[in-house]
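Colleague: I would like to see how this sequence folds:
(chains A and B)
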Amino acid sequence: MTLREIKELLDAEVLVGQNQLDKDVKSAFVADLMSDVLAFATSGSLLITGLTNPQVVRTADVLDIAAIIMGRGKKPSPETFQLAEELNIPIIATKYILFEISGRLYSKGIRGCIEKVGSK
Amino acid sequence: MRVDEKPIYEGTFTVTGGNFDNAGEVSSNIKSVLKRMGLSRDVVRKASLVAYESEINIVSYARKGMIRLRVVPESILIEAIDEGQGIADIELAMQPGYSTATDKIREMGFGAGMGLCNIKSFSDTFLISSEVGKGTYLKMIIKTNNRSLNS
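Modeller: Numbering: from 1, shown residues only, chains lettered A, B, ... in the order given. Coordinates of the predicted model:
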C-alpha cells in the first residue's frame, strides 16, 4: 500500500513527507513504548503510535521506519515536526484510534512486522 | 577486536544528563557516520539502536557521559561511559520489564525496562560494570560482516 492510499483510507493529514506519497509499505508495528518499538519493529514498516515527542522520530530514524502514523487525533509537537522534516521521515496524522487504524490497514493487506514475539 | 588495529573511524560524543529534548541526537550522528562508511543497513541499524538505548540511559540516569565509537573493518565498538547514580543490582537491571524510570522518562516512551535487554540482544558482545554513586560502563561490539568499507 502506498502512503497516498493510507492517507485516503485513514482520512488523514500528511504533515511531513508530501514528497514521499508513492512510498510502498507492507507491514506495521503499533506501540507507545519506544523501547518495544526498538526491540520488535522492522525497517520499512509503519510505526503507529499515540506518542508525539521527538523520540518517536529518533526511534523511527534509528530503525529506518517508512512512516509514522499518529492516531487518536494527536499532532506532533513543534520540535517533533521540525526533526521529522530534518530527517525526512513522513508523519501522517489521523483521528482514528490505534485499533481502528490497525484494523483498516490489516483489511487492506498490511501485516504486523512480526506476528508474535520470538518469531520472524 | 585487536587492540593494535588501526581504526577506520574513532570518535567521542558527549551526552548531557537530563537533557531530554536532545536525547537521540548523538545516536543520529553515529548513524550518519556509519552509513557513510558503506556498512550494511542491518549493521548500521543494530549499532544505532545500541547507541540510542545507551544514550537514553545516560540522559535518564546520569549527570553526564559520553559515547565512544571505534570502527575497524571487522567490528564496531561502542562504549557508553557515564558519571551518575550507577546500578546497584545489575542482574535485576538486566531483567526485561525491571525499571526505576521517572515519569519524565516514561513520557518519552522509555522506562519500560527494556533498554539494557535491547542493548544486549542487538550486540554480538556485551559487557556492563557499574558502581553505585559513581557511574556505569557499557561495552558493546557489533560485527560488521563487511570487509570493503569506505574510510
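
Colleague: where's the helix or strand where residue B:27 lies relative to the chain centroid, distance-wise?
Modeller: Per DSSP states H and E: residue B:27 is located in helix B:25-36. The chain centre lies 12 Å from the centre of helix B:25-36; the measure is Cα atoms, centre = their mean, to the nearest Å.

Colleague: Show residues contacting that helix.
Modeller: Applying Cβ atoms under 8 Å, 6 or more residues apart in numbering or on different chains, the contact partners of helix B:25-36 are A:58, A:61-62, A:87, B:9, B:11, B:13-15, B:43-44, B:47-48, B:51-52, B:55, B:67, B:69, B:71, B:76, B:78, B:150. To be clear about C-beta, it is placed using only N, CA and C from the backbone, and glycine gets the same treatment.

Colleague: Mind doing that once more with 7 Å?
Modeller: A:58, A:61-62, B:9, B:11, B:13, B:15, B:44, B:47-48, B:51-52, B:55, B:67, B:69, B:150 (Cβ atoms under 7 Å, 6 or more residues apart in numbering or on different chains).

Colleague: ok, now stretch B:112-130?
Modeller: For stretch B:112-130, contacts defined as Cβ under 7 Å, 6+ apart pick out A:33, A:35-36, A:38-39, B:46, B:49-50, B:53-54, B:56-57, B:86-87, B:90, B:93-94, B:96-99, B:136-143.

Colleague: Okay, buried residues for stretch A:36-55 please.
Modeller: A:36-42, A:44-55 (16 or more other Cβ atoms under 10 Å in any protein chain shown).

Colleague: mind checking the end-to-end distance for that stretch?
Modeller: 13 Å (Cα to Cα, to the nearest Å).

Colleague: Report whether that stretch contacts chain B.
Modeller: Yes. Against chain B, stretch A:36-55 shows contacts by Cβ under 7 Å from any Cβ of the partner chain at A:36, A:38-39, A:43, A:51, A:53, A:55.

Colleague: Just send those back as a markdown table, with secondary structure and distance to residue A:8 too.
Modeller: Listed next are these as a markdown table, based on DSSP: H, G, I helix; E, B strand; the rest coil; distance: Cβ to Cβ, whole Å:
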| residue | secondary structure | distance to residue A:8 |
| --- | --- | --- |
| A:36 | helix | 29 |
| A:38 | helix | 30 |
| A:39 | helix | 31 |
| A:43 | coil | 25 |
| A:51 | coil | 24 |
| A:53 | coil | 27 |
| A:55 | helix | 29 |
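
Colleague: list the contacts for residue 57?
Modeller: Here I'm looking at chain A. Contacts of residue A:57 (Cβ under 7 Å, 6+ apart): A:80, A:83-84, A:87, A:89.

Colleague: was after chain B, sorry
Modeller: So residue B:57 contacts residue B:115 (Cβ under 7 Å, 6+ apart).

Colleague: what do you get for residue A:60?
Modeller: A:47, A:68, A:89.

Colleague: For residue B:142, see how far away it is.
Modeller: For residue A:60, the distance to residue B:142 equals 21 Å [Cβ to Cβ, to the nearest Å].

Colleague: Inside helices: which ones of the contacts of residue A:57?
Modeller: A:80, A:83-84, A:87 (DSSP state H).

Colleague: Not counting sequence-adjacent ones, nearest residue to residue 10?
Modeller: Just so you know, I chose chain A. Distances taken as Cβ to Cβ, 6 or more residues apart in numbering or on different chains place residue A:94 nearest to residue A:10, at 4.2 Å, with adjacent residues excluded.

Colleague: try chain B instead
Modeller: residue B:70 (5.1 Å).
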